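Engineer: All I have is the shape, not the residue letters:
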């Protein structure tokens, strides 16, 4: 094999791996994290788990990616170890779909229809369509579909390049001797395991084996042991991923290893027992391996091992638990464990996890305001401390979620996900400030309790009105964020202007009472502080609502939006303003 052939082989391998990565990337983006979300929620039975594992892996074309996601799910507390076993088995069969796609290169025939099925006939067209879709389309869905086409074309071209590069090895005696050495089952399994562990993809390693089978005389006695080893080698990816995780994630990784190793041991023992004791499969073992027989063997192995091991899911789970025993002293998982860096490989899913946390954060801030308001009617130091603790929790939400969102934004995300990330990053700050103002309101209640002072009856009535208005505006902002409801978001700004009006009116009422001697300057300062915090909360609610509306319309000119609303309000805005004005009128 000359230097030119070696360079061609390396180039073909690079294109093959790049094409596989490109196609997988497009498939993940097209799925948009939905498959992973379904996988995380719908695994109530083994059969359902198996089917989901099969479907998800068939779509994203990577059992390694699926198992790494499972490691992340368990590490973050989304799933339990027992739920993952059947999913892993389904993924093992789902990953064999790639080998069937690659087997198209082995189609041989002179008829027009058979020639059309050969990749060399249609991949150039797919590549051209893919390039046009990627460059010309503004739709993420079309761009990702184009990416899949390009990836598939590059993958097939790389495979054909590899096959052409090694064609000269067909008559090479040294290469034939090496292949004969791999006919030893133990040696073949070991080589297949090491090779796949290096490239971390059984789909890629099986594809390379198929490429060799296209141009070289590889007997099944050599191909099968290597193929079995490749199934073990693919488990290295979840193992590496679990190293930084908790005990439960390591249990998932070792489950992947046990499933593959036990399957290989059982199938190998049974197959070679028949091979050495009878002549039944001698003709098959001595015959030349093809892309089709490799695909069939790959699929049959995973189906047979799954059928054998499926009834023993619980035993595999117990074995994994015995291997990595739970540490009672280990820190329990918390809500922020869902911000797992493993999910960055599926940005759409990571964005969804962030969105869930931001929505929870908004609900917690809303609860902090309600608790602070209740302190005026029933103050206690214990309840005051609860508001302070809630604010600390909201601060933690802001720190953890915003840091993770920055990492997500740096990933290769779709336009839709980019808009969501922008929206969340802007809303987080406003939500955190709302909890800060809730603390300020709680401090007002504490100050009044400590000084044993109280507002006049009229002031108390006025405060109840603005308190109710601010409670509603916060509810509108939170619900519109959680449900992505732009109609509710549109109600926030009219109510915010009503809150501004209430603040001015209540201050005016206080000045009148002050002149009449019905109130004191000290209570005036306290009231002003309280009203300022209510107004600021309304402002932050307005920021959240405007952010939702503007980003939904592919814009972020918030100041221009508010200026237009205030200077040229439409009929709907005016109607809402009048409705809220009447609802929250002062006596």
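Structural biologist: Perfect, thanks for sending it. Just so it is clear, the structure is predicted and the values come from calculations on it, not from any experiment.

Engineer: Where do the strands of the protein begin and end?
Structural biologist: Ranges of strands within the chain: none, based on DSSP state E.

Engineer: Break it down into its structural domains.
Structural biologist: 346-452, 453-587 (automatic domain parsing).

Engineer: can you redo the ones you listed as JSON lines with mean pLDDT?
Structural biologist: Formatted as JSON lines, these follow (pLDDT from 0 to 100):
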{"stretch": "domain 346-452", "mean pLDDT": "92"}
{"stretch": "domain 453-587", "mean pLDDT": "86"}
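
Engineer: Deepest-packed of these, please.
Structural biologist: domain 346-452 (a mean of 19; mean count of other C-beta atoms under 10 Å). All C-beta spots, glycine's among them, are computed from the backbone N, C-alpha and C.

Engineer: circling back: I'd like to know which of the domains of the chain is closest to residue 312.
Structural biologist: Proximity to residue 312 (C-beta to C-beta) singles out domain 346-452 among the domains of the chain, at 29.9 Å.

Engineer: Name the residues that touch stretch 288-296?
Structural biologist: Applying C-beta atoms under 8 Å, 6 or more residues apart in numbering, the contact partners of stretch 288-296 are 96, 99-100, 102-103, 105-106, 206, 209-210, 213-214, 217-220, 222-223, 227.

Engineer: Need the buried ones from those selected in PyMOL.
Structural biologist: A single PyMOL command selects the buried members of the contacts of stretch 288-296 (16 or more other C-beta atoms under 10 Å):
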select buried, resi 96+99+102+103+105+106+206+209+210+213+214+218+219+220+222+223+227
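
Engineer: ok, back up a step: as JSON lines, the domains of the chain with distance to residue 74 would be great.
Structural biologist: Below are the domains of the chain laid out as JSON lines (distance: least, C-beta to C-beta, whole Å):
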{"stretch": "domain 346-452", "distance to residue 74": "15"}
{"stretch": "domain 453-587", "distance to residue 74": "27"}
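
Engineer: and residue 5, which of those is closest to it?
Structural biologist: domain 346-452 (34.8 Å).

Engineer: Now do the end-to-end distance for that closest one.
Structural biologist: Domain 346-452 has an end-to-end distance of 56 Å (criterion: C-alpha to C-alpha, to the nearest Å).

Engineer: which helices and strands sit right next to the longest helix anywhere in the chain?
Structural biologist: With secondary structure taken from DSSP state H, the chain has its longest helix at helix 415-451. With contacts taken as 3 or more C-beta pairs under 8 Å, 6 or more residues apart in numbering; DSSP states H and E, helix 415-451 sits against helix 347-374, helix 381-410, helix 521-552.

Engineer: Run through the stretch 101-250 of the chain and note the low-pLDDT ranges.
Structural biologist: The stretch 101-250 of the chain contains residues with pLDDT under 70 at 106-120, 166-180.

Engineer: In it, mark out all the helices, start to finish.
Structural biologist: Per DSSP state H, counting those that start in this stretch, the stretch 101-250 of the chain carries helices over the ranges 112-117, 119-136, 140-165, 173-181, 185-199, 202-215, 220-233, 236-242, 247-277.

Engineer: Report the central residue of the protein.
Structural biologist: residue 349 (2.2 Å; C-alpha atoms, centre = their mean).

Engineer: that older thread, tabulate the helices and strands packed on helix 415-451 in CSV, adding columns for distance to residue 305.
Structural biologist: Output for those, formatted as CSV (distance: least, C-beta to C-beta, whole Å):
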stretch, distance to residue 305
helix 347-374, 29
helix 381-410, 37
helix 521-552, 49
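
Engineer: chain center to the longest helix of the chain, what's the gap?
Structural biologist: On the basis of C-alpha atoms, centre = their mean, to the nearest Å, helix 415-451 sits 26 Å off its chain's mean C-alpha point.

Engineer: Just the angle for it relative to helix 381-410, thanks.
Structural biologist: Angle between the axes of helix 415-451 and helix 381-410 is 160 degrees (criterion: axes from the mean of the first three to the mean of the last three C-alpha atoms, to 10 degrees).

Engineer: could you check the angle helix 140-165 makes with helix 415-451?
Structural biologist: Using the same axes, to 10 degrees: helix 415-451 against helix 140-165 is 130 degrees.

Engineer: Quick one: work out the angle between helix 415-451 and helix 347-374.
Structural biologist: Using the same axes, to 10 degrees: helix 415-451 against helix 347-374 is 20 degrees.

Engineer: Residue 74 reaches residue 252, doesn't it?
Structural biologist: Yes: checked against C-beta atoms under 8 Å, the pair residue 74 and residue 252 is within contact range at 4.9 Å.

Engineer: thinking again about what came up before, roughly how far does the residue nearest to the centre of the chain sit from residue 356?
Structural biologist: 11 Å (C-beta to C-beta, to the nearest Å).
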